[in-house]
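Novice: The following block contains a protein sequence and its predicted model.
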Amino acid sequence: MDMAHRDRAVIGGVAAACCVATVFLGLRPLPALAAVGVVLGVFGCRPRSLGWTGAATGAAGGLLLLAAFAWPGRGTAGGSLWQLVAVGAVLLLLTAAVRWSPRRQLLAGGGLGAAAVAGWTVPLVPDASFFESLGLMAFWSAPVLVSVVVGGYPRLMEDRRRQAALAARRAQQLELAHDLHDFIAHDVSGIVVQAQAARFVAERDPAAAARALERIERAGLAALASIDRTVRMLHAADGSSGEGEGDGPSGNGPSGDGDGDAAAGGDPRTVLPGIGQLAELVDRFGETGQVRARLDLAPGVTEALSREGAATVHRVVVEALTNVRRHAPGAAGVHVALSTDRTTVEVSVTDDGGRGRSAHLPALPRLDRGPRGGGGLLALAERVRAGGGTFASGPHRDGWRVTATLPATGHGIMIP
């Protein structure tokens, strides 16, 4: 039996039971019996009925008001007992409505049900003063408040969990957007440099132009791989992909691209980019940009950094090299240095601003990020500070220097 047939059977059975009860008990308890029938119908037709619990509460509240103010037998002991049964039915429905009903339906139906419970005793004391009637209504508002609390607390907790999940998903998507900006900007900047170099030497040295085209192809493939990995990560963040590809952001591509934060989330199948990819990254930068790029790695640096710290260092170097290519096209030399004093690890990327650059080499024009850039140094600074480090960037001699200091939290360093 499917859900629709089951629901029709439940509603038919409840209606039949109410009719039989009316035959034996008379018309006096009919509103209360109908309210009880609404309760049985709502809970018997779950989960399809949860969306209209607000309307059901309003209907039961209307039946209670009918029994209290207009139905034959009101004001008698027997009639009051059946009205009390209807009050219990309305309170049950109100609890369910606060828990599951849509807000607009809850305000209308739930409000009517709450008003019915609060005021059902007023006709029982016709000689009461205005303030005595208010006291009766305040007294019977207490069970209404209990129903609201019982139904509203789990709804509030569920809303908070949903908001927290949305906020976490949004934060992950923003982090992936920053990653995509950093790594794609790195590869695309290299493509632009090689395209300009190929155009400059195409007529005089076709072989050099062909090599430049090969490097453009590699950089383009690396950029496409970065986009593909980021899209897979976004699908995973949305819960639409449960495969958990083992070739997620691994940093094993030509530019060592990947997403450290995703791996930091605890998935053992993802490999964080780190110190091991820096040498290849710096070599590729010097090769594609015809810039003298040098990496100085002090002993103990690799052991001093945690996996997350190493991924952050990799991100710092990627962003700094990308900025050199985009904003200092005349730079002739770039120095990447990593050092440690046993408590902290410092990474610095310094360009010389173009001192000693050959005049015949083509220059890359400055490319503005625009108002909706990927965050660049600002986002990177926030990431470094989130890891307990410090970040600084600014002019240095004739060029520019980016420096980040991270705590030495690796297992190979003993913090005094």
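Specialist: Thanks, I have it. Source: prediction; values computed, not measured.
Novice: State the mean pLDDT of stretch 26-43.
Specialist: When the per-residue pLDDT values of stretch 26-43 are averaged, the result is 82.
Novice: swap that for stretch 149-164, sorry
Specialist: What stretch 149-164 shows for mean pLDDT is 91.
Novice: quick one: buried residues of it?
Specialist: In terms of neighbour count (16 or more other C-beta atoms under 10 Å), stretch 149-164 has its buried residues at G151. The way it works is simple: take the backbone N, C-alpha and C, and place the C-beta from them, glycine included.
Novice: Contacts for that stretch, please.
Specialist: With C-beta atoms under 8 Å, 6 or more residues apart in numbering as the test, stretch 149-164 has contacts from 94-100.
Novice: Identify the bridge partners of A293.
Specialist: Assessed by DSSP bridges, A293 has beta-bridge partners V334.
Novice: Quick one: mean pLDDT over stretch 406-416.
Specialist: pLDDT averaged over stretch 406-416 equals 59, rounded to a whole number.
Novice: Test my guess that A67 contacts Q83.
Specialist: Yes - A67 is within contact range of Q83, at 5.1 Å (criterion: C-beta atoms under 8 Å).
Novice: From the centroid of the protein, which residue is nearest?
Specialist: Residue closest to the average C-alpha location in the chain (C-alpha atoms, centre = their mean): R169, at 1.7 Å.
Novice: Got the confidence number for that one?
Specialist: Among the per-residue scores, R169 holds a pLDDT of 73.
Novice: A381 now?
Specialist: Here, the pLDDT recorded for A381 equals 85.
Novice: quick one: the strands in the stretch 201-350 of the chain?
Specialist: Here the stretch 201-350 of the chain has its strands, by DSSP state E, counting those that start in this stretch, at 292-297, 333-340, 344-351.
Novice: Which one, of those, ends up nearest to D127?
Specialist: Nearest to D127, of all those, is strand 344-351, at 83.1 Å by C-beta to C-beta.
Novice: Tell me which other helices or strands whichever helix or strand comes after that closest one touches.
Specialist: Tracing the chain C-terminally past strand 344-351 and defining elements by DSSP states H and E, one meets helix 376-386 next. Helix 376-386 sits against helix 130-201, helix 307-327, strand 390-396, strand 399-407, with contacts defined as 3 or more C-beta pairs under 8 Å, 6 or more residues apart in numbering; DSSP states H and E.
Novice: any idea which of the ones you listed is most buried?
Specialist: Each of the helices and strands packed on helix 376-386 was given a mean neighbour count from mean count of other C-beta atoms under 10 Å, and the largest, a mean of 24, is that of helix 307-327.
Novice: Please compute how far the host helix or strand of T57 lies from its chain's middle.
Specialist: In this structure, T57 is located in helix 53-69 according to DSSP H and E. Its chain's average C-alpha position is 41 Å from that of helix 53-69, according to C-alpha atoms, centre = their mean, to the nearest Å.
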